[in-house]
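Q: mind folding the following:
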Amino acid sequence: MFEPFTLPDRIRFYAGEGQLPECEMTGPGGRVRICLQGAQVLSYEPEYKQDVFWVSSTSRYQLGKAIRGGIPVCWPWFGDHPENPELPAHGFARTSLWEVRSSFADTEVTRLQLGLTDSPSSEQLWPGHFELILDIELGEQLVLSLTTSNTGSQTFNITEALHTYYAVGAADNLQIEGLRAHRYQDKLENFAVKTQEEELAPQPPLDRVYDTDQPVTLIDPLLKRRIRIDKSSSASTIVWNPGADIAAGMADVGSGEETGFICIEAGNARERVIRLAPEESHCLKMAIQVETIDD
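A: Residues are numbered from 1 along each chain as shown. Next up is the predicted model:
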């Protein structure tokens, strides 16, 4: 099944945890591990650097179950379904098995393209006819491009996010630059609208949707690194950490592990709905670049 897309020393496929199919990409830019369920990047190790992403030690690796960590793809809705809260949170893309569409490698980059299309099971949850493509490029930085195409005859709406879990030294000892002066909605206060007065120094719990299309930088003094997150066609930046009390009630977050991550997500959430007419497409793009902070 995967043999046509295997590239010696660059892209290989194998049965991962829970026997879910996984892919490993390597190249001059380091190493990336991807679960084909959800097209979910689980690990990104830039050359000579430690893993950028966090994955819970109690994550469930089961068919149809969401994996806690890495970069889940939230689509075709972000958060709870706007009309039916009984439907799966964050949509169905993150628990669907994606197809491999293409692979490529040269001296500078390694690329993998994964795809998902409508099916009888997706139509039970959402009526749209679509093609969803995730392009993953490993080079000097990690670049993800999520393209939605309307292949049906009816206009549809989506919200979306690349729900990235960054591994950190301590969630309450960070600086996130680039959000100052931007408006946000605070989910912990019933989506009260506020403005970020200073650069953000997270103190969990927090769950905020910022209205911004600008890049942000995560500065981690304990892990001695700076992570720049660029994005395009993204009107929302979501920042989330559940804090100790909420995390204690989450079966797929190990005890105390919530201190080891912060979510900074590129997306289009809440009122930032993407409306696609037949034959229209939209591409959400995120690029991650890691630098070491000198002592």
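Q: and the gap between F92 and S121?
A: As judged by Cβ to Cβ, to the nearest Å, F92 and S121 stand 8 Å apart. To be clear about C-beta, it is placed using only N, CA and C from the backbone, and glycine gets the same treatment.
Q: more neighbours: which of the two?
A: F92 (21 against 10; other Cβ atoms under 10 Å).
Q: which residue comes closest to that one once chain neighbours are left out?
A: With sequence-adjacent residues excluded and distances taken as Cβ to Cβ, 6 or more residues apart in numbering, F92 is closest to L125, at 5.3 Å.
Q: give me the pLDDT value at the one you found.
A: At L125, the model reports a pLDDT of 95.
Q: residue boundaries of the strands in the stretch 151-295 of the chain?
A: Taking DSSP state E, counting those that start in this stretch to define them, one finds strands in the stretch 151-295 of the chain at 156-158, 160-162, 165-167, 175-177, 183-186, 192-195, 206-211, 216-220, 225-232, 236-241, 261-268, 274-276, 281-292.
Q: pick the most buried one from the ones you listed.
A: strand 160-162 (a mean of 28; mean count of other Cβ atoms under 10 Å).
Q: how far does it sit from its chain's centre?
A: Relative to its chain's centre, strand 160-162 lies at 6 Å (Cα atoms, centre = their mean, to the nearest Å).
Q: helices or strands up against that strand?
A: Under the contact criterion of 3 or more Cβ pairs under 8 Å, 6 or more residues apart in numbering; DSSP states H and E, strand 160-162 touches strand 73-74, strand 142-150, strand 261-268, strand 281-292.
Q: you'd agree H182 is up against D213?
A: No: taking contacts as Cβ atoms under 8 Å, H182 lies outside contact range of D213: 9.9 Å.
Q: where's the residue nearest to F92, which helix or strand?
A: According to DSSP states H and E, L125 maps onto no helix or strand at all.
Q: where does pLDDT dip in this structure?
A: Across the chain, the ranges flagged by pLDDT under 70 are 295.
Q: I133: how many residues sit nearby?
A: Residues near I133, counting by other Cβ under 10 Å: 20.
Q: how about it, secondary structure?
A: strand (DSSP: H, G, I helix; E, B strand; the rest coil).
Q: which residues does it contact?
A: I133 makes contacts with 101, 113-115, 145-147, 149, as judged by Cβ atoms under 8 Å, 6 or more residues apart in numbering.
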